[in-house]
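[1] this is a predicted model, with the sequence first.
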Amino acid sequence: MLRFDIAPVCSNAYRFQAAMSFTIAALYLFTPWKWVAFILAIGGFIRGFVSPHKCLSYKAFEKATARLKWVKKVNAGSKMFADKIAFVAASVMAVTWLADSSIGNIPAAAILIFAFLDLATGFCAACWAYAAWYRMRGLA
């Protein structure tokens, strides 16, 4: 569903956000710094459930893309859906780390793969799924 209650977001700023998600997932998987999952969870919560425009990292990336004249505005709905998925995945990563379980490696690997895909090509799998869901239900 298109979100008209929230201002459009810069998709290229979200590519920078994907780089940050990729880095956090890599740190989680390949270093002992599992606590970084909390950073991803907090950012995903703010951007997904509150507003991307309230998130400090999004604001910084939006300003960077504006300076580079690399602004491409899109509706916020699909990006917020992607952030909700990131919040859930990062929460699983954090909780399983606290429970001393390695199950958190599964969502971390998924974030690593999908964030790299978004970063490298601009294809957001969660955004695609969001649009497909509404098309399938006949709401788009």
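    Nice, I can see it.

[2] which residues touch stretch 23-42?
    Under the contact criterion C-beta atoms under 8 Å, 6 or more residues apart in numbering, stretch 23-42 has outside partners 21, 86-87, 89-91, 93-94, 97, 104-105, 108-109, 111-112, 115. Every residue, glycine included, has its C-beta placed from N, CA and C.

[3] farthest-apart pair in these, please.
    With C-beta to C-beta as the measure, no two of the contacts of stretch 23-42 lie farther apart than 97 and 115, at 18.7 Å.

[4] which one's more surrounded, those two?
    Taking neighbours as other C-beta atoms under 10 Å, residue 97 and residue 115 compare with residue 115 leading, 26 against 21.

[5] picking up where we left off before, now, among the contacts of stretch 23-42, which is nearest to residue 61?
    For the contacts of stretch 23-42, the closest approach to residue 61 (C-beta to C-beta) belongs to residue 21, at 11.8 Å.

[6] excluding chain neighbours, what is closest to that closest one?
    Distances taken as C-beta to C-beta, 6 or more residues apart in numbering put residue 115 closest to residue 21, at 4.1 Å, once the chain neighbours are dropped.

[7] from residue 51, how far off is the one you found?
    Counting by C-beta to C-beta, to the nearest Å, the gap from residue 115 to residue 51 is 21 Å.

[8] contacting residues for the spatially most central residue of the chain?
    For the chain, the residue sitting closest to the mean C-alpha position, by C-alpha atoms, centre = their mean, is residue 83 at 4.1 Å. Contacts for residue 83 were tallied using C-beta under 8 Å, 6+ apart; they are 43-45, 47-49, 52.

[9] okay, now the residue nearest to residue 73 when sequence neighbours are not counted: neighbour count?
    Spatially, and ignoring its direct neighbours in sequence, residue 73 is nearest to residue 8 (4.0 Å; C-beta to C-beta, 6+ apart). The burial count assigned to residue 8 is 16, neighbours taken as other C-beta under 10 Å.
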